[in-house]
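**Q** can't give you the sequence, but here's the structure:
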Ligand SMILES: *[C@@H]1O[C@H](CO)[C@@H](O)[C@H](O)[C@H]1NC(C)=O
């Protein structure tokens, strides 16, 4: 996902070049140029999709399909349930199976609007959780898990700015919604039936939690992803980005493996 965002950011920069040209143009010309840029972004994203199984070493992007995550720690602190969790040896499939529903560049505003749709993202690995249920019942569980997210829509807007010859993201607003999740954490509770019930509870809670907390999630994505992308962009000049996105110079997409 982050990779896709980077791609958007890179391509939005093409818009910045056009936008800084001092010309007088008609609305029609502006629209035509925006369409052309939007199509270039779509082509670039289609290439990124094909490159995801290989990674893009030139842009420092690892293999993303499947995406492998060795270790991840997280804390959950909800009403009645608090625990420290970890995921190990996670494999995520389907990140390259997104449909590009919308890419629209508004070059003069240095803005790119997008909508992507993932039919399903499938993950599997091992989990461990240690904490308290209902505030006082201690538990410690671990086992294998599978977790699928179905119907993930990622819609958003990126706005960029130029600082000297460096490109930075100014705003990044992303709205994510999901249709459903399929949860299969093994050995969550001592009995099989209890484990099935807890997985069902997770399946009903997760889409609601995500869809009901849009604002907070949007803020969180902006606060965590924007600095990461800007740091990545910080080392690149505008020319590097044009080369990367136009397939000229050092980096040519798609990368095959
Ligand atoms: C996301 O964008 C698509 C395509 O423009 C649209 O059909 C869908 O309703 C949008 N979803 C949200 C949550 O805004």
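**A** Here it is on my side, so go on. Predicted, not measured: the structure shown is a model, and the values here were computed from it. Numbering: from 1, shown residues only.
**Q** what parts of the protein come near the ligand?
**A** The chain comes close to the ligand at residues 101-102, 115, 153, 155, 175, 177, as judged by Cβ under 6 Å from any ligand atom. Heads up, the C-betas are built off the backbone N, CA and C, glycines and all.
**Q** so can I have TSV of the residues you listed showing pLDDT and secondary structure?
**A** Output for the residues of the chain next to the ligand, formatted as TSV (pLDDT from 0 to 100; DSSP: H, G, I helix; E, B strand; the rest coil):
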residue	pLDDT	secondary structure
101	97	strand
102	95	strand
115	97	strand
153	96	strand
155	96	strand
175	95	strand
177	95	strand
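**Q** if the closest residue to residue 124 other than its chain neighbours is in a bridge, with which residues?
**A** Nearest residue to residue 124 in three dimensions, chain neighbours excluded: residue 146, at 4.6 Å (Cβ to Cβ, 6 or more residues apart in numbering). With DSSP bridges applied, residue 146 shows beta-bridge pairing to residue 124, residue 184.
**Q** pLDDT value on residue 146, please?
**A** pLDDT, residue 146: 98.
**Q** didn't it look like it was pressed against residue 123?
**A** Yes: contact criterion Cβ atoms under 8 Å: residue 146 and residue 123 qualify, at 7.1 Å.
**Q** same drill for those two, tell me which one is more crowded.
**A** residue 123 (18 against 14; other Cβ atoms under 10 Å).
**Q** I'd say the more buried one and residue 148 touch.
**A** Yes: assessed by Cβ under 8 Å, residue 123 is found in contact with residue 148 at 7.2 Å.
**Q** gap between residue 192 and the ligand?
**A** 37 Å (Cβ to the nearest ligand atom, to the nearest Å).
**Q** right, I mislabeled it, should have said residue 86
**A** 31 Å.
**Q** which residues are contacting the helix or strand containing that residue?
**A** Residue 86 is part of strand 81-93, with elements assigned from DSSP states H and E. For strand 81-93, the external contacting residues (Cβ atoms under 8 Å, 6 or more residues apart in numbering) are 65-76, 121-135, 139, 145.
**Q** perfect, I'm done here.
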